[in-house]
Structures are given as structure tokens and as C-alpha cells.
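**Q** Based on what follows, work out the 3D shape:
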Amino acid sequence: MARQGRTRRICPFANVFTGNSPTRKRSIPVTALQRLHTLQLPKESPMRLYRDLFLFCFYAMGMPFADVVRLRRTQVHGDHIVYRRQKTGRIVRVQIEPCMRDILRRYQRSDSLYLFPILPVMASKQAQQHAYRSALGRYNRALKRIAALAGIRNNLSSYVPRHTWATQAYAHKVELAVIAQALGHVNTRATWTYVRPSGISILAAAN
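**A** Residues are numbered from 1 along each chain as shown. Presented below is the predicted three-dimensional model:
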């Protein structure tokens, strides 16, 4: 005979988070960017291409890797690059700074539609998507090696330039709405996850 009042209510998902986890900040300090900029790499090394892509993403107002590798020469209009974000479809206009132009000149090819030699020119949409995923994997693996060569302890990935630019812009008093526009965000809620200081940082500053 079962004893009443002795049965425990057990929820198998009591300790499982089922909401939306906020984006983790992945920014790096300016000193790490300077180390990357001055890192000497062989001219024909793929490592140099990936380092330059990383810096270009940062210089271009945190342009995502997915958009950088798909940039076409027809998207360059004088001193600006105008592109549509792959993720949101929003149009973003980026002024080409001298540091960006130096990188573009390094990889310009008259026989290619793309600004960077990453994706195949003539390929089906499915083949291009496969090529992109492979390139992204190589890029992230290369960034780990580049970080070690440059003596950078921070973890480098395709997300880092974007978060770093947003963090630096916010630190230089750029309005959140302007940063959101530069990143191609639909609203500032997503942008805030890129730039918000941690509670520990706030307490430390207050202390």
C-alpha cells in the first residue's frame, strides 16, 4: 500500500536552460590587433591571407566573414563598399580606409569576380555553400595558429573582429544605434550583447 505524502515531484528538466542564451562577448584588446598587424608572415602563405581577412573584417566596421568572402568587385563604388548582409539582408555601406585598400590591392585579381580568393567563381549555390563552410573551418583553425605566432592569448575566431569593432566603437562614444547600423543589426538589442560590460567589470570600475 502506497504511503501518502511521500511522493516527490521530480522534473527531469529542472536544471536545463530552455531560453535564449545571450551572445558571449568575444572582443580582444587593441594591443592584440597591433600584434596581428605587425606579425611577419611569408608573402605567399595562406596564413597571411587569413590574418589579412581578420584585420579587414575589423577595419570594415566588423564585417562578417560570410560577407567578406562574397564581396564582388562590382560592390566597390569609388571609396565605398556597398553590400547586403547574408544574415539579415540589410544594406551596409562601408568607407574604404587606406588600411583596407592596402589589403584589397594585395589580393586583387582581374580574372575574378570576388575581392578575395576564397570561393570558387563558377559554382552552383550548393557547391558554394560547401566551399564556404570548408573555408570557414580553415579560417578558424588558421586563426588559432596565428594567435600563437603573434603571442596572443585571446581566442581568435571569425566572430572576434566584429565584436572587437563594436566594443571599440562603443568605448569611443559612438551611439549604440550607429553601431547597430554599421553591423547591419535590425535593432539595438542584438548590438548590446556585443558591447555590454560584464557585471564584474562594472563593479571593478566602481571600486
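**Q** how many neighbours does Pro46 have?
**A** 12 (other CB atoms under 10 Å). All C-beta atoms are positioned from the backbone trio N, CA, C, and that covers glycine.
**Q** and Val82, that one's in a helix?
**A** No: if the criterion is DSSP: H, G, I helix; E, B strand; the rest coil, then Val82 is strand and not within a helix.
**Q** so it sits right up against Ile91, yeah?
**A** Yes: between Val82 and Ile91 there is a contact under CB atoms under 8 Å: 6.7 Å.
**Q** shared neighbours of those two, anything?
**A** Shared contacts of Val82 and Ile91 (CB atoms under 8 Å, 6 or more residues apart in numbering): none.
**Q** Now do the contacts for Val121.
**A** 112-114.
**Q** Next, it: phi, psi?
**A** phi -80, psi -50 (degrees, to the nearest 10).
**Q** Next, work out how far apart Thr193 and Ala66 are.
**A** Note on Thr193: its distance to Ala66, by CB to CB, to the nearest Å, is 18 Å.
**Q** I meant Gly151, not that one.
**A** 29 Å.
**Q** Any regions of the chain where pLDDT drops low?
**A** 1-25, 196-207 (pLDDT under 70).
**Q** what are the ranges of the strands in this protein?
**A** Ranges of strands within the chain are 76-77, 80-84, 91-95, based on DSSP state E.
**Q** Columns mean neighbour count on top of those, output as a markdown table?
**A** Formatted as a markdown table, the strands of the chain follow (neighbours: other CB atoms under 10 Å):
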| stretch | mean neighbour count |
| --- | --- |
| strand 76-77 | 13 |
| strand 80-84 | 16 |
| strand 91-95 | 15 |
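**Q** With respect to Ala177, which of those strands lies nearest?
**A** strand 91-95 (14.3 Å; CB to CB).
**Q** Alpha carbons only: can I get that closest one in PDB?
**A** Extracted in PDB, the C-alpha atoms of strand 91-95 (Å, rounded to 0.1, in the frame of the first residue of the first chain):
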ATOM      1  CA  ILE A  91      22.300  47.100 -46.900                       C
ATOM      2  CA  VAL A  92      25.500  48.300 -45.300                       C
ATOM      3  CA  ARG A  93      27.800  51.000 -46.700                       C
ATOM      4  CA  VAL A  94      31.500  51.000 -45.600                       C
ATOM      5  CA  GLN A  95      34.000  53.700 -46.500                       C
END
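**Q** can you give me how far it is from the chain middle?
**A** Its chain's C-alpha centre and that of strand 91-95 lie 16 Å apart, by CA atoms, centre = their mean, to the nearest Å.
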